[in-house]
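In: Provided below for reference: sequence and predicted model.
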Amino acid sequence: MQLLLLNARLALHLKRLSFHLPSLKLHLLALTLHLLTLLFCKITLLLTLSFLLNAILITCPSESALEFVVAYAGHDAIGVSSVRHR
């Protein structure tokens, strides 16, 4: 979390500096830092969802919870199910 705040502060300072010194390199560096921050947030969100799925499996080891996880894991990156339903 501290890394995220540091990255955001650095991007903000670079953005302010880029208004005073309009340079393409500074704009690109600020954009790169912003995109890295977004990527870090996405990875954190995916890890959180993974932990939640594990918690569902541990607390509800019923057949319906397992079917839910199998159906969820069967979806690929574009959201198309690769698991055949009965």
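Out: Looks like it arrived, so ask away.
In: in the helix or strand where residue 25 lies, what counts as buried?
Out: Assessed by DSSP states H and E, residue 25 sits inside helix 24-59. Neighbour counts over helix 24-59 (16 or more other C-beta atoms under 10 Å) mark 26, 29, 30, 33, 34, 37 as buried. (Glycine included, C-beta is placed from N, CA and C.)
In: any chance of the residues you listed in CSV, plus distance to residue 50 and pLDDT?
Out: Shown next, in CSV, are the buried residues of helix 24-59 (distance: C-beta to C-beta, whole Å; pLDDT from 0 to 100):
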residue, distance to residue 50, pLDDT
26, 37, 71
29, 32, 76
30, 31, 77
33, 26, 81
34, 25, 82
37, 21, 83
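In: and residue 10, how many neighbours does it have?
Out: By the criterion of other C-beta atoms under 10 Å, residue 10 has 14 neighbours.
In: Isn't it up against residue 36?
Out: No - counting by C-beta atoms under 8 Å, residue 36 is not a contact partner of residue 10; they are 10.3 Å apart.
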